[in-house]
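S.K.: no sequence on this one, just coordinates:
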């Protein structure tokens with residue numbers, strides 16, 4: 001009891017100290033703000049260049065310098081145009097995308113990756129890094145899904161918070177984005193999100209709340225879209241009522257680039273800085289037009305003072321004004337090691353029916369690699385996520401490096417993307433506000449010459465596949481599909497890859513299929529014939545090395561899907577119940593039934609379920625118990641590695657009301673699930689992820705794994721398993 005009181009006292013003391021520090025910072029910022037003229041204050045609340053605000057030199061206030069992005073610090077551009085500077089000093093570490101990071105289910109790796117991004121941003125002289133992207137993956141068609149973590153709010157926040165802490169450890173502000181309900185690229189500037197408050201509160205807002213409370217994220221980026229008829233960048237509901245008043249946030253809010261549409265609304269909202277893609281900086285809504293409104297008395301100067309105060313508070317938190325700021329670095333060897341560590345744990349083994357994997361490097365004397373993605377570098381694409389990588393190891397290079405010249409590695413392209421994509425203009429942002437900000441597109445144009453060329457590539461690949469005992473196909477998506485400003489029209493593989501895979505499996509049934517992408521693809525045409533399937537993501541500069549290590553067994557795969565892999569996009573609730581693209585209003589009619597919540601509740605079979613991921617070893621779950629200590633609930637379970645290879649297992653804990661849905665746990669009732677008639681009568685999903693821990697075990701090693709359960713309520717069924725549909729044990733009562 002004494003210890004509990006001491007702990008409670010420490011928490012109260014820390015809270016009071018934090019509040020005292022906030023008050024000191026605010027008073028110092030206000031004192032400095034009062035010395036500014038109106039012109040100087042206006043100059044601080046809008047872009048003076050594409051990625052920075054204006055300094056106030058007479059008072060020693062520096063410019064606030066920002067940069068994309070989520071996978072590394074972006075290259076340098078001219079101050080007033082989207083023309084690359086062209087120097088060679090802005091190559092950086094290329095990190096795995098957030099989807100890949102989420103697939104590791106490893107909080108420590110998330111923090112380490114954030115630390116790399118923070119150190120490199122600081123090393124490049126940046127103050128704000130525009131990430132992480134934390135929007136929920138409502139639909140598999142969203143072009144920016146690769147920038148986001150998961151379809152699940154719990155997994156997203158559990159990865160995003162340590163990521164933010166890692167970034168901000170380097171006196172660099174993370175900018176969590178895009179606030180809020182920004183889940184499609186099509187018409188992203190104007191689409192109005194229609195959503196009930198339960199879904200907003202339970203699915204789309206929790207990660208932002210955790211980011212600004214537990215993560216203490218210094219900045220937030222408001223989204224392009226509307227919600228309840230208001231643009232998010234000038235929304236009283238989001239920025240004032242929720243973010244400031246309800247959550248007590250005192251950090252800086254930055255607009256998405258071009259997301260402001262009205263001077264008065266923006267001024268009277270809680271937006272602090274307006275940024276855009278055009279070079280008419282003085283004409284921005286929060287520049288000269290706002291100054292005029294203040295001088296006319298239409299807008300009070302007090303609202304400008306509040307914005308400037310928060311910007312100065314940000315600068316003080318980053319030690320931009322006191323000379324005590326940390327120095328960073330970029331392209332450090334340790335950064336590359338972190339990128340490799342994350343890439344290794346991100347690889348998901350989806351299928352290994354006949355145990356073909358791992359391949360033996362010693363027994364492999366010749367191998368055929370097929371597929372454009374085997375030799376394609378992904379770093380330069382994706383929109384604002386593009387990276388000028390110091391290097392990028394492709395799968396082909398990784399396999400050749402691992403085999404070390406002891407095997408003959410042959411490569412054929414097999415398929416090709418559209419020539420227009422290969423020769424695309426990278427300065428796309430100059431026109432990024434046109435056509436509603438984004439569109440939906442399919443796999444690209446098709447003409448007779450291109451069709452004939454693809455047929456030739458396909459025939460060559462199939463012919464060669466018959467000649468080799470070991471064949472690996474590396475395909476999937478690229479940044480023509482996974483890209484800002486673009487949504488996919490469907491989940492089909494582009495460039496006639498389905499036809500190629502079918503023919504390869506016919507020519508050589510043991511062909512190993514490897515796919516890359518930021519969202520799932522349809523597999524129905526060939527999945528039943530494929531014995532071995534690996535998912536690789538956009539895994540950063542060391543992704544090819546990590547993939548090769550998994551394929552040849554020097555790394556045991558431990559990645560788990562952070563999202564449901566649907567059989568087709570119409571199996572997703574956003575398309576089955578709501579709507580998505582090409583609409584003035586996005587109707588989130590599915591409510592809280594997003595991803596596995598929908599699939600599990602309404603008996604819809606995914607291609608691969610949320611949390612799924614195989615290993616080269618096996619794990620058993622035993623002796624599950626529920627414990628409560630100090631007002632918190634914990635699930636405990638003994639996990640044993642029953643195989644012959646060391647490996648990592650992610651123990652997943654789901655909460656459910658007893659009787660809601662069928663489970664496969666040992667002591668639970670078997671038979672048909674209990675279903676209520678009609679979706680409108682279902683108030684909550686069958687089960688929801690509420691805890692997880694990743695554990696490393698040597699062969700035959702056992703360990704008791706303890707997982708804290710979030711939001712546990714008395715009488716709930718605790719389901720413990722290896723995925724959302726591989727529940728191993730259940731408990732309902734405390735021991």
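M.R.: Yep, that arrived. Just so we're clear, the structure is a prediction, and the values are computed from it rather than from any experiment. Numbers count the residues shown, from 1 in each chain.

S.K.: use CA for all of it now, contacts and neighbours both
M.R.: Will do.

S.K.: distance of residue 654 from residue 172?
M.R.: Relative to residue 172, residue 654 is positioned 35 Å away (Cα to Cα, to the nearest Å).

S.K.: The stretch 151-300 of the chain: strands as residue ranges?
M.R.: In the stretch 151-300 of the chain, strands defined by DSSP state E, counting those that start in this stretch lie at 173-179, 192-194, 219-222, 226-227, 230-231, 252-255, listed in chain order.

S.K.: Export those strands to CSV and append columns for mean pLDDT, distance to residue 391 and mean neighbour count.
M.R.: Listed next are the strands of the stretch 151-300 of the chain as CSV, based on pLDDT from 0 to 100; distance: least, Cα to Cα, whole Å; neighbours: other Cα atoms under 10 Å:
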stretch, mean pLDDT, distance to residue 391, mean neighbour count
strand 173-179, 98, 25, 28
strand 192-194, 97, 40, 21
strand 219-222, 98, 30, 28
strand 226-227, 97, 39, 24
strand 230-231, 98, 39, 22
strand 252-255, 98, 32, 25
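
S.K.: on that earlier part again, give me the more crowded residue out of residue 654 and residue 172.
M.R.: residue 172 (32 against 23; other Cα atoms under 10 Å).

S.K.: burial measure for the closest residue to the more buried one other than its chain neighbours, as a count.
M.R.: Leaving aside its chain neighbours, residue 172 sits nearest to residue 127 (5.1 Å; criterion: Cα to Cα, 6 or more residues apart in numbering). Residue 127 has 25 neighbouring residues, counting by other Cα under 10 Å.

S.K.: Repeat that for residue 323.
M.R.: Residues lying near residue 323 (other Cα under 10 Å) number 8.

S.K.: Assign it to helix, strand or coil.
M.R.: What DSSP: H, G, I helix; E, B strand; the rest coil gives for residue 323 is coil.

S.K.: From residue 168, how far off is it?
M.R.: Counting by Cα to Cα, the gap from residue 323 to residue 168 is 17 Å.

S.K.: And residue 573, by the same measure?
M.R.: Applying Cα to Cα, the value for residue 573 to residue 168 is 36 Å.

S.K.: Who has more neighbours out of the two?
M.R.: residue 168 (28 against 24).

S.K.: wait, what's in contact with the more buried one?
M.R.: Contact analysis of residue 168 by Cα atoms under 8 Å, 6 or more residues apart in numbering lists 115, 118, 174, 217.

S.K.: most surrounded residue in these?
M.R.: Highest neighbour count within the contacts of residue 168: residue 118, with 33 neighbours (other Cα under 10 Å).

S.K.: Next, count neighbours for the residue lying closest to that one once chain neighbours are set aside.
M.R.: Of all residues beyond its chain neighbours, the one nearest residue 118 is residue 167 (4.0 Å), with distances taken as Cα to Cα, 6+ apart. Residue 167 has 30 neighbours, counted by other Cα under 10 Å.

S.K.: my guess is residue 167 contacts residue 119, does it?
M.R.: Yes: between residue 167 and residue 119 there is a contact under Cα atoms under 8 Å: 7.3 Å.

S.K.: what comes into contact with stretch 192-203?
M.R.: Identification of contacts with stretch 192-203 by Cα under 8 Å, 6+ apart yields 136, 152-153, 181, 225-230, 584-589, 591-592.
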